[in-house]
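J.: Sequence first, predicted model second:
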Amino acid sequence: MEERGSVPARSADEIAQAFGASPTFGRLTDDLVKVEITSAEAGLFALPPTEVQDVFHPALELRGTLTTEDSSVGFCTYVSAVDPRRMVRERHEARRRSPAPPELVA
């Protein structure tokens, strides 16, 4: 595998901000629900095996519990470990710097 560039990882504060801004958790308020993250595991987003994936996108799997006055429920979600805008920018730059691979014809 050839390295084509790098993108700095998000800080813990930036990851927490991305988590809180997600559609699933963004509208929750402290007076409605308590959100507790119980584990965080680093990994990579993966597309289904039928899809072409030309870049490995670092991510965090966050697991935890949402608790209200009446109940508690577990959750699992994924947050990008890098700023996606910077990832796209770097991919475009890397493609400009690297020659296109030869086409294979069968």
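T.: In hand now; what should we look at?
J.: Could you find the closest non-adjacent residue to Thr24?
T.: Thr77 (6.4 Å; CB to CB, 6 or more residues apart in numbering). All C-beta atoms are positioned from the backbone trio N, CA, C, and that covers glycine.
J.: Next, report how far the helix or strand encompassing the one you found is displaced from the centre of its chain.
T.: Element membership for Thr77 (DSSP states H and E) is strand 72-80. Once both centres are worked out by CA atoms, centre = their mean, to the nearest Å, strand 72-80 turns out to sit 12 Å from its chain's centre.
J.: Run through who's touching that strand.
T.: By CB atoms under 8 Å, 6 or more residues apart in numbering, the residues outside strand 72-80 that reach it are 10, 15, 18-19, 22, 24-25, 45, 57-66, 87.
J.: So which bits of that strand are buried?
T.: 79-80 (16 or more other CB atoms under 10 Å).
J.: Next one, pLDDT for the most centrally placed residue in the chain please.
T.: Central residue check for the chain by CA atoms, centre = their mean: the C-alpha nearest the mean position is that of Ser80, 1.9 Å away. If you check Ser80, the pLDDT there is 89.
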